[in-house]
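*Asks:* from the sequence below, what's the structure:
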Amino acid sequence: MRNLFLRRALSTLFALALFGWCARYLATGFDWPAVLSALQGAEVGWLALAGLSLLFYFGVRAARWMVMIRTVRPDIRFAGLYVITAASIALSNMTPGQAGEALKVEWLHRRGLVGRITGYGSFAIERVVDLMVVVAMGLVALLLEGPGPGQGRRLPLLLLGLLVALGLGSVLLWRVRFGGRWGARLDQARSAVPDFATLVQVVGLSALGWSAVALGWWLTLRTVGVVLSASQTLMLLSVTTVGVLLSFVPAGLGVAEVLGAALLERMGVPAVPAQVGVVALRGFGLLSILLGGVHIPLARVALGPASRAAPAPTPVELPCPTP
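*Replies:* Next comes the predicted model:
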């Protein structure tokens, strides 16, 4: 318990220190009069198209979760999963490490639709696959664009090593069987991906979902006149997303802006347009919160009232033996 408290305290201090430094940089390093002036001339039509890409992203994420949950709950409906997926994504954009998305598991559990172990197991698998897909996108983009001056092959090899490590670790965790009570719990947690075919579907839908986000970013940057290639957009998305996840700062406030502006400048975008671009991307994040938040009141209607009783295990659920 003491070690857990210490880790939380250190991560909180790190997040506060990083946020303070980024906030100071934003206040002193950004040309805010020029940024605000440029934002007034934004073409909002592109942002409307970006909103459509977000709705498509919600649908893909719901479809991915349905592929996993249906392995233990075949009667689950897409409409209910879509509503709570959209709502949980809105909440995740306001929490450190986007952890708020885990609330979708609680919504299902309270209505007796899925057990906590299986639900959080599927959520953990989703996050690992997301990280692998985002890193892979960054690697592909870097290989297409070519390394920058002085980078050589180090950064591609670093990303490739991270991707291989994540892949091997996931395969070992998925395939290795353990005995006893904790082995049974682990089997139940990974029961959402029981075979290779399901894993392929999960990875494919993850790639499709993140591609929709990349399209939304590209369209959002077009609203302020920043035009990137597909590979540049993927690199921006990859680096910024990983940086935000590792920062522990809620919504990556300040962190995303500093990282994004620095990367855009390295891509050849002048300083002020780069700053305008990352501020516009923050608007894309707010649009995600708004569109997802609309679904929050609909979650209870879509899933029905919460059940007071504990959810009954389905025949597919793996029971945990008593000690």
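*Asks:* now the helices for the stretch 101-250 of the chain?
*Replies:* Along the stretch 101-250 of the chain, the segments classed as helices by DSSP state H, counting those that start in this stretch run 103-110, 116-145, 154-175, 180-189, 196-223, 230-247.
*Asks:* closest one to Gly292 among these?
*Replies:* With respect to Gly292, and counting by C-beta to C-beta, the nearest of the helices of the stretch 101-250 of the chain is helix 103-110 at 11.2 Å. From N, CA and C alone the C-beta is placed, and that goes for glycine too.
*Asks:* ok so, going back, out of the helices of the stretch 101-250 of the chain, nearest to Pro270?
*Replies:* Closest approach to Pro270 among the helices of the stretch 101-250 of the chain (C-beta to C-beta): helix 196-223, 13.6 Å.
*Asks:* so which elements touch that closest one?
*Replies:* Secondary-structure packing of helix 196-223 (3 or more C-beta pairs under 8 Å, 6 or more residues apart in numbering; DSSP states H and E): helix 44-69, helix 116-145, helix 230-247, helix 271-293.
*Asks:* between those helices, which one is closest to Gly209.
*Replies:* With C-beta to C-beta as the measure, helix 44-69 is the member of these nearest Gly209 (4.1 Å).
*Asks:* the following helix or strand past that closest one vs helix 116-145, what angle?
*Replies:* The element immediately downstream of helix 44-69 (helix or strand, assigned by DSSP states H and E) is helix 78-92. Put simply, helix 78-92 runs at 70 degrees to helix 116-145, going by axes from the mean of the first three to the mean of the last three C-alpha atoms, to 10 degrees.
*Asks:* quick one: contacts of helix 78-92?
*Replies:* The contact list for helix 78-92, computed with C-beta atoms under 8 Å, 6 or more residues apart in numbering, reads 58-59, 61-63, 65-66, 69, 98-104, 107-108, 288-296, 298-299, 302-303.
*Asks:* mind running it again at 6 Å?
*Replies:* If you take C-beta atoms under 6 Å, 6 or more residues apart in numbering as the criterion, helix 78-92 is touched by 58, 61-62, 65-66, 98, 100-101, 103-104, 107, 289, 292-293, 295-296, 298-299, 302-303.
*Asks:* ok so, going back, turn the helices of the stretch 101-250 of the chain into CSV, columns for distance to Thr85 and mean pLDDT.
*Replies:* CSV is the format used below for these (distance: least, C-beta to C-beta, whole Å; pLDDT from 0 to 100):
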stretch, distance to Thr85, mean pLDDT
helix 103-110, 6, 84
helix 116-145, 10, 84
helix 154-175, 22, 64
helix 180-189, 20, 65
helix 196-223, 10, 92
helix 230-247, 18, 88
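*Asks:* can you redo those as JSON lines with distance to Arg282 and mean neighbour count?
*Replies:* JSON lines is the format used below for the helices of the stretch 101-250 of the chain (distance: least, C-beta to C-beta, whole Å; neighbours: other C-beta atoms under 10 Å):
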{"stretch": "helix 103-110", "distance to Arg282": "23", "mean neighbour count": "20"}
{"stretch": "helix 116-145", "distance to Arg282": "19", "mean neighbour count": "20"}
{"stretch": "helix 154-175", "distance to Arg282": "26", "mean neighbour count": "14"}
{"stretch": "helix 180-189", "distance to Arg282": "35", "mean neighbour count": "16"}
{"stretch": "helix 196-223", "distance to Arg282": "10", "mean neighbour count": "19"}
{"stretch": "helix 230-247", "distance to Arg282": "11", "mean neighbour count": "21"}
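*Asks:* nearest to Asn93, out of the ones you listed?
*Replies:* For the helices of the stretch 101-250 of the chain, proximity to Asn93 was assessed by C-beta to C-beta; helix 230-247 is nearest, at 9.9 Å.
*Asks:* show me what that closest one is in contact with.
*Replies:* With C-beta under 6 Å, 6+ apart as the test, helix 230-247 has contacts from 18, 97, 134, 137-138, 141, 144-145, 214, 217-218, 252, 255-256, 259-260, 263, 267.
*Asks:* confidence score at Ala23?
*Replies:* At Ala23, the pLDDT value in this model is 79.
*Asks:* same question, the one 10 residues further on
*Replies:* Model confidence at Pro33, expressed as pLDDT, equals 91.
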